[in-house]
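Trainee: I'd like to go over a predicted model; first the sequence, then the structure.
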Amino acid sequence: MDLDTGGLNIPYADKIVHFTFYLVFAFVGSLSLRERTSGSLGLRKTLIIGLIFAILYGMLIEVLQYTLTTDRMAEFADVLANTLGAFAGIGLIRWFFSKKNPLKWKF
């Protein structure tokens, strides 16, 4: 599937979109998991769960595209972009909430 870029020729635009979506997905998903558990999970455990969920979700979507649709195609490059984006989202949390600016994980 080609991404409509409005007449602009942006190489690998769909991969950039996959990367960006999963970066946001892992970032927001991990912080949401923290809120849903009322801070009872530690930072490391929450980030690992968020990362695994994002990666497995990305893989599931590609498998479903391959098996259930005729007008869409699954690509390994999409899975790779999703995975790298998820790692970047988790890395962004770890960087943003570093020792200088810690996340108050317990209430």
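Mentor: Cool, got the structure.

Trainee: OK, contacts around the residue nearest the centre of the chain?
Mentor: Per CA atoms, centre = their mean, the C-alpha nearest to the average position across the chain is that of Tyr22, at 2.4 Å. Residues near Tyr22 by CB atoms under 8 Å, 6 or more residues apart in numbering: Ala54, Gly58, Ala81, Asn82, Thr83, Leu84, Gly85, Ala86, Gly89. From N, CA and C alone the C-beta is placed, and that goes for glycine too.

Trainee: among the residues you listed, which ones are in helices?
Mentor: Using DSSP state H, the subset of the contacts of Tyr22 located in helices is Ala54, Gly58, Ala81, Asn82, Thr83, Leu84, Gly85, Ala86, Gly89.

Trainee: ok, back up a step: would you mark the buried spots in the helix or strand encompassing the residue nearest to the centre of the chain?
Mentor: Assessed by DSSP states H and E, Tyr22 sits inside helix 13-36. Under the neighbour-count criterion of 16 or more other CB atoms under 10 Å, helix 13-36 has 14-15, 17-19, 21-23, 25-27, 29-31, 33-34 buried.

Trainee: what mean pLDDT would you report for that helix?
Mentor: The average pLDDT for helix 13-36 rounds to 93.

Trainee: what number of residues lie near Gly89?
Mentor: 27 (other CB atoms under 10 Å).

Trainee: and what of Gly42?
Mentor: Gly42 has 12 neighbours, counted by other CB under 10 Å.
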